[in-house]
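>>> Structure, please.
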Amino acid sequence: MKLQQHGLKKNLARSAAVASLGLALAGGVATAAQASQGATLNPGNVATFNTYFWGRTTACFTNSTGGGAHFEWRSSTSYNTDTYVGPHSTYCLTRSFVGFQLRVHNYAYSVPLSVTFPYGP
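Numbers count the residues shown, from 1 in each chain. Predicted coordinates for the structure are as follows:
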């Protein structure tokens, strides 16, 4: 009986170690993807970005022109259909998206919008 209990404990410990390693690797992959993201969205363009599962994700939207920019952002957890960035301004959004992707649509008539992710969770 003691031999069976020892085997069960060993299997449980191994399963816990594998699960922990899997979670650590998943977190590392999300972090690497996040750090390398960014884009300039021309008027009418749509882009999708990864977010962190743990912690909060910050996305910044910069308008470096003299006209106003309008865009929408969506994820599976929340959305805003009309976000405005004034001329020569930056708007930053910080939320917990729980790993859901962030979809951004620049629907300004003539203003490109720069999207950056300055730091992680």
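>>> which residues touch Ala108?
Pro43, Gly67, Gly68, Ala69, His70, Phe71 (C-beta atoms under 8 Å, 6 or more residues apart in numbering). The way it works is simple: take the backbone N, C-alpha and C, and place the C-beta from them, glycine included.
>>> Now the buried members of these.
Ala69, His70, Phe71 (16 or more other C-beta atoms under 10 Å).
>>> just curious, which of the contacts of Ala108 is nearest to Trp54?
Phe71 (26.4 Å; C-beta to C-beta).
>>> pLDDT wise, what is Tyr79 at?
Per-residue pLDDT puts Tyr79 at 89.
>>> Check Ser15 too.
54.
>>> what do you get for Asn11?
pLDDT at Asn11 comes out at 54.
>>> Name the spans of the chain whose pLDDT lies under the cut-off.
Within the chain, the segments meeting pLDDT under 70 span 1-36, 120-121.
>>> As a check, name the ranges of all strands in it.
38-41, 46-49, 57-63, 69-74, 79-85, 89-95, 102-106, 113-116 (DSSP state E).
>>> What strands flank the fourth one, and is each parallel or antiparallel?
This means strand 69-74. Using DSSP bridges, the strands paired with strand 69-74 in its sheet are strand 79-85 (antiparallel), strand 102-106 (antiparallel).
>>> buried residues in the shortest one?
Read that as strand 102-106. Leu102, Val104, His105, Asn106.
>>> hmm, back to that, tell me the one of the buried ones among the contacts of Ala108 nearest Asn63?
Among those, and counting by C-beta to C-beta, the member closest to Asn63 is Ala69, at 4.3 Å.
>>> residue contacts, the closest one?
Contacts of Ala69 by C-beta under 8 Å, 6+ apart are Phe61, Asn63, Tyr84, Val85, Asn106, Ala108, Val111, Leu113.
>>> With adjacent residues omitted, what lies nearest to Val46?
Residue nearest to Val46 in three dimensions, not counting chain neighbours: His105, with 4.6 Å by C-beta to C-beta, 6 or more residues apart in numbering.
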